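Enquirer: what shape does this take:
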Amino acid sequence: MIARILTALAAFILLSAAAAPEDPFAAFGARPAVEDISLSPNGTKIAFIAPGPAQSTILYVSDVAAGSSPQRTLVADGKPERLSGCFWVSEERLVCRVYMVMENGAEVSAATRYVAVNAGGGNLRLVTRPTRSYDSYVSHYGGAIIDALPGEDGAILMGQVFVPEERQATRMNDSREGFGVERVDTKDGSTRIVEQPKKDAVEFISDGMGVVRIMGSRGASDATGYARNVMNYYYRTKGSRDWRSLGEYNLATGEGFNPYVVDPTLDVAYGFKRENGRLGLYSVALDGSKRETLVYGHPQVDVDGLIRIGRRQRVVGASYATEKRQAAYFDPELTALGRSLSKALPGLPLIQFIDSSMDETKLLIMAGSDVDPGRYYIYDKTAKSLNEIMLSRPDLEGVALAQVKPVTYKAADGTDVPAYLTLPPGSDGKNLPALVMPHGGPSARDEWGFDWLAQFFALRGYAVLQPNYRGSSGYGDAWFQQNGFQSWRTAMGDVNDAGRWLVSQGIADPGKLGIFGWSYGGYAALQSNVLDPALFKAAVAIAPVTDLAQLKQLSQRWSDYRLTEAMIGSGPHVQEGSPAQNASRIRAPVLIFHGERDLNVPIEQARLMADRLKDAGKKAELVVYPNIDHFLTDAEVRTDMLRRSDAFLRASMGIK
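Expert: Residues are numbered from 1 along each chain as shown. Sure, this is the predicted structure:
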């Protein structure tokens, strides 16, 4: 049985939908109404994070069983605190991660903290370990949740950074140093050491029952102070406190076994490993034998997702993306349930199990498609009922969205390149203004489903093609090559061939072909014009990488510099593959957007590009958003970006 819960919660969401502006720029620029959601242990309550004004976030709690109105529990004003995730640690208590992007002079940095709060909003406590140190890493890093301890009421295991105290005239100084694990009672704030801190430790993995079984260490930094790219993993057999070597994982190359979770019943660690050029899900026995087993692999694509469920995050399957995201369940009951849900929700094939009650009789589910941003349901196994409770994007409810079609096109060398084509609703798909929209990354790929940017431009009359060019992840090592920076000629060749394909198929008017990208996609929007200056008539780049040498140089201020150094590499491609170094070749008008507090791509990259284009006499504009990060996490900012982009593309390509 499927039904919408006609309660105060549904009214809350429906009122939002009824108040949605007719302005398409504001409707698509709005942040999702649900940024995070979780189900209480007995399955009667939900907690969800919703956007507030500007960059603020609000935690709401609702008793869905009683039909109560959502109540504000916690508010972060976005200046700079934001809530980035909350979960239940008891029926009446939640733990939330607070994320902050801060500016100190010319330096931009991020910080995290964890806080606990009652469902009704009382007894707010900081659960991140306090420190008197002013060391940047320690003061910014707020720890990590190692285990939610579902069998205990309100307690958690937290990975915490310990710093030696420097008190004078006392012998009571705490000399412990490094990364360790504490049991924290979130109600009264009391703590107990579970794992003594170790200087080189950076990660711990528990078995979901309060026992730490795996430790990750990056070893000592090199002579320059930069962290090593190799992670050494260690494990314990059941009942032992002795660490044994599990193996190495190379963060730069992805070689080795990368553990994610421990199954205490099977006594194995699940993780991902690359074999024969593709990622697969593996298990490694923790009984001392280190027996390795391929749990699930795919012959064409990487298996890159782990499906977990329940309060103990039980592993129940793996996921991968071919043309669409697919799930392979290991649990027979969930396999059958997945089939039943597919029949019950025929228009919503993208189904995710988000959370469950302690006994797993109630499941929190999200379902969506290319033309539906997503709907949240509670499935009750006992009652066999499926109730819709919330919409992901109520502002778009009732808006006719465009179907997304998986396609392939030929690159210049004959290679078939996968892509997704979105045509304006109701159009004949011929002689349209069109955009090539390369994804970010570079280690990423596009997938079938709802994409707010592609859907916005389709609604505005553009055909949109999203290519998974060579250099994209998810298709194995041969497709990834040396990544989209070091193999930029191949990647940009595929991006440009996407534009040529649109023209050859009669989809795009060759005089109205543009390119739009974000992050690495912004890099591609610029560098594609360096490779073929005559193809695109306009380029929009959001938070783009523009100069590889400068990016490498700027990253020297961070401890993970070696990872950036390995990604970019050295050689002629550093200059040849930098749009700022080749701005004179670009003919198309360029519009660049960048947030001033961008941690992913420094604002210096956009400013350099704008200066080089203007020095070369090119038509270029840079829009800088103060106090905004890489993701433009502000509805008004996103709305402004969409409005300016649409006006720029229409003016540059002569679209009425």
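Enquirer: nearest residue to residue 92 in space, ignoring adjacent ones along the chain?
Expert: When the adjacent residues along the chain are set aside, residue 92 lies closest to residue 119, with 5.1 Å between them (CB to CB, 6 or more residues apart in numbering). For every residue, glycine as well, the C-beta is placed using N, CA and C.
Enquirer: residue 413 too?
Expert: Closest to residue 413 by CB to CB, 6+ apart is residue 493, at 8.0 Å.
Enquirer: so that neighbour belongs to a helix, correct?
Expert: Yes. Looking at residue 493 with DSSP: H, G, I helix; E, B strand; the rest coil, it is inside a helix.
Enquirer: mind starting the numbering at 53 from now?
Expert: With the count now opening at 53, the last piece we talked about shows up as residue 545.
Enquirer: and it, what does it touch?
Expert: 463, 464, 465, 583 (CB atoms under 8 Å, 6 or more residues apart in numbering).
Enquirer: need the buried ones from these selected in PyMOL.
Expert: This is the PyMOL syntax for the buried subset of these, where burial follows 16 or more other CB atoms under 10 Å:
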select buried, resi 463+583
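Enquirer: those helices in the stretch 453-602 of the chain, which residues are they?
Expert: Assigned by DSSP state H, counting those that start in this stretch, the stretch 453-602 of the chain shows helices spanning 504-511, 529-532, 535-538, 540-556, 572-583, 600-606.
Enquirer: which of the ones you listed sits most buried?
Expert: helix 572-583 (a mean of 29; mean count of other CB atoms under 10 Å).
Enquirer: mind saving the C-alpha coords of that one as PDB?
Expert: Extracted as PDB, the C-alpha positions of helix 572-583 are listed here (Å, rounded to 0.1, in the frame of the first residue of the first chain):
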ATOM      1  CA  TYR A 572      37.100  20.600 -13.500                       C
ATOM      2  CA  GLY A 573      34.100  21.100 -15.800                       C
ATOM      3  CA  GLY A 574      34.900  24.900 -15.600                       C
ATOM      4  CA  TYR A 575      38.500  24.000 -16.600                       C
ATOM      5  CA  ALA A 576      37.100  22.000 -19.500                       C
ATOM      6  CA  ALA A 577      34.900  24.900 -20.500                       C
ATOM      7  CA  LEU A 578      38.000  27.000 -20.900                       C
ATOM      8  CA  GLN A 579      40.600  24.500 -22.100                       C
ATOM      9  CA  SER A 580      38.300  23.000 -24.800                       C
ATOM     10  CA  ASN A 581      38.400  26.500 -26.400                       C
ATOM     11  CA  VAL A 582      42.200  26.500 -26.300                       C
ATOM     12  CA  LEU A 583      42.200  23.200 -28.200                       C
END
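Enquirer: now it and helix 540-556, what's the angle there?
Expert: 80 degrees (axes from the mean of the first three to the mean of the last three CA atoms, to 10 degrees).
Enquirer: summarise which helices and strands helix 572-583 is packed against.
Expert: Counting contacts by 3 or more CB pairs under 8 Å, 6 or more residues apart in numbering; DSSP states H and E, helix 572-583 packs against helix 535-538, helix 540-556, strand 560-570, strand 590-594, strand 642-647.
Enquirer: out of those, flag the one nearest residue 455.
Expert: Evaluated with CB to CB, these place helix 540-556 nearest to residue 455, the distance being 16.9 Å.
Enquirer: quick one, the closest one and strand 560-570 angle?
Expert: 140 degrees.
Enquirer: picking that back up, and the contacts of residue 545, which two are the farthest apart?
Expert: 465 and 583 (14.4 Å).
Enquirer: assumed residue 698 was part of a helix.
Expert: Yes. Residue 698: assigned to a helix according to three-state DSSP.
Enquirer: circling back: kindly reformat the helices and strands packed on helix 572-583 as JSON lines containing distance to residue 670 and mean pLDDT.
Expert: As requested, the helices and strands packed on helix 572-583 are arranged in JSON lines below (distance: least, CB to CB, whole Å; pLDDT from 0 to 100):
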{"stretch": "helix 535-538", "distance to residue 670": "23", "mean pLDDT": "94"}
{"stretch": "helix 540-556", "distance to residue 670": "19", "mean pLDDT": "98"}
{"stretch": "strand 560-570", "distance to residue 670": "15", "mean pLDDT": "98"}
{"stretch": "strand 590-594", "distance to residue 670": "11", "mean pLDDT": "98"}
{"stretch": "strand 642-647", "distance to residue 670": "7", "mean pLDDT": "98"}
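Enquirer: could these be laid out in JSON lines, adding distance to residue 442?
Expert: Listed next are the helices and strands packed on helix 572-583 as JSON lines, based on distance: least, CB to CB, whole Å:
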{"stretch": "helix 535-538", "distance to residue 442": "36"}
{"stretch": "helix 540-556", "distance to residue 442": "36"}
{"stretch": "strand 560-570", "distance to residue 442": "27"}
{"stretch": "strand 590-594", "distance to residue 442": "29"}
{"stretch": "strand 642-647", "distance to residue 442": "29"}
